[in-house]
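Asker: have a look; sequence and predicted model below, questions after that.
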Amino acid sequence: MSQHTHSFQAEVAQLLHLVTHSLYSNPEIFLRELVSNASDACDKLRFAALGDASLYGDQPNLEVRLSFDAAAKTLTITDTGIGMSEQEAIDHLGTIAKSGTKAFMEQLSGDQKSDAQLIGQFGVGFYSGFIVADKITVESRRAGLTEAQGVRWTSTGTGDFVTETITRQERGTSVTLHLREDQQEFLNAWKLKQLVSKYSDHISLPILMEKEEWKEGANEGEPGGMVKTGEWETVNKASALWTRAKKDISAEQYREFYKSISHDHEDPLAWAHNR
């Protein structure tokens with residue numbers, strides 16, 4: 001398929017520089033943002049399908065999957081949501097509202113913990129992937145389009161990005177992060193599960209990861225290691241906080257839930273749970 005090179009909107013290029021240089025000491029927030037985007041994409045499909053149930057096609061399940069390849073040094077966040085056409089990928093990933101960019105930059109305080117919360121507030125969470133990755137590849141197919149109408153979007157987070165038409169069987173979007181050498185800690189199932197529990201446990205969709213089990217070395221003296229089984233397991237509660245007993249919810253989960261729905265970087269003053 002032919003490739004097309006596009007220049008980032010000037011505001012995006014400036015934003016990429018700001019995000020990667022002002023939030024580098026708080027890298028884990030990228031997963032919170034990309035999982036949130038994946039969940040939003042599923043919500044958009046659910047809403048669109050109220051008027052056209054055929055959009056589900058042969059994929060009725062809405063879910064988010066996390067997978068990693070330690071050898072390739074990649075981490076992929078996949079959703080079965082609304083997806084994007086090639087033009088939508090160009091529009092959504094290459095340009096952002098100037099007003100939003102300006103407001104985001106004006107709000108940056110230099111406090112990385114506070115600034116990390118602003119990313120979601122101004123709708124620029126996708127770009128947080130470049131905090132940990134030196135290249136991002138996005139593959140997507142919009143619900144309702146044919147398999148031959150998929151799109152691949154690739155960028156190193158510099159001045160331009162490349163798009164091309166691909167064949168993609170699955171509806172939805174996969175975001176693959178090609179991790180920097182100093183960010184290999186995210187190629188670890190335990191670490192990813194910890195971050196899901198910390199930031200995304202309240203998401204009502206299932207977040208899935210491939211199961212791992214310990215396997216001894218093939219020969220005596222060879223070290224063993226964790227290997228993937230080919231089965232997937234849900235690693236979040238997959239239920240909204242208000243449907244769970246308050247004894248099962250930690251203070252940290254209440255705080256993260258508040259921040260995720262309010263886009264406020266401060267902790268809530270208080271909360272009440274009557275269930």
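Answerer: Right, received. Where do you want to start?

Asker: drop to CA atoms for contacts and neighbour counts, all remaining ones
Answerer: OK.

Asker: what about this protein, any weak spots by pLDDT?
Answerer: By pLDDT under 70, the low-scoring segments of the chain are 1, 22-24, 96-124, 238-245, 248, 259-266, 271, 275.

Asker: got a list of what the spatially most central residue of it touches?
Answerer: The residue lying closest to the centre of the chain (Cα atoms, centre = their mean) is Leu34, at 1.7 Å. Each residue near Leu34 by Cα atoms under 8 Å, 6 or more residues apart in numbering is listed here: 77, 125-126, 129.

Asker: and Asp160, how far is that from Thr95?
Answerer: As judged by Cα to Cα, to the nearest Å, Asp160 and Thr95 stand 11 Å apart.

Asker: Glu256 now?
Answerer: From Glu256 to Thr95 the distance is 28 Å (Cα to Cα).

Asker: before we move on, what about Val151?
Answerer: Distance of Val151 to Thr95, given as Cα to Cα: 17 Å.

Asker: all helices of this protein, in order?
Answerer: In the chain, the segments counted as helices under DSSP state H are 10-22, 29-48, 86-94, 98-107, 112-121, 189-195, 251-262.

Asker: buried residues of the first one, list them for me.
Answerer: By neighbour count on 16 or more other Cα atoms under 10 Å, the buried set for helix 10-22 is 11-13, 15-16, 19-20, 22.

Asker: same question, the second one
Answerer: Of all the residues in helix 29-48, those buried under the rule 16+ other Cα under 10 Å are 29-39, 41-43, 45-46.

Asker: also the third one?
Answerer: Buried residues in helix 86-94, counted by 16+ other Cα under 10 Å: 86, 89-90, 93-94.

Asker: quick check: the farthest pair among those?
Answerer: Greatest spatial distance in the buried residues of helix 86-94: Glu86 and Gly94, 11.4 Å, computed using Cα to Cα.

Asker: what about the closest residue to Asp69 other than its chain neighbours, how many neighbours?
Answerer: Using Cα to Cα, 6 or more residues apart in numbering and skipping the chain neighbours, the partner closest in space to Asp69 is Leu75 (6.5 Å). As a burial measure, Leu75 scores 22 neighbours (other Cα atoms under 10 Å).

Asker: in contact with Leu75, which residues?
Answerer: 66-69, 176-179, 186-187.

Asker: are any of the residues you listed buried, and which?
Answerer: 66-68, 176-179, 186-187.

Asker: which ones among the residues you listed are found in strands?
Answerer: Among these, the ones falling in strands (DSSP state E) are 66-68, 176-179.

Asker: can you tell me which of these comes closest to Pro223?
Answerer: The nearest one, if we look at these relative to Pro223 and count by Cα to Cα, is Phe68, at 21.0 Å.

Asker: what's opposite that closest one in the beta bridge?
Answerer: Beta-bridge partners for Phe68, by DSSP bridges, are Leu75.

Asker: how near is the nearest residue to Asp40 once chain neighbours are set aside to Asn37?
Answerer: Nearest in space to Asp40, with sequence neighbours left out and distances taken as Cα to Cα, 6+ apart, is Gly81 at 7.9 Å. Noted for Gly81: a distance of 10 Å to Asn37, by Cα to Cα.

Asker: what is the neighbour count of Ala71?
Answerer: Number of residues near Ala71 (other Cα under 10 Å) recorded here: 7.

Asker: kindly apply the preceding question to Asn219 instead.
Answerer: 8.
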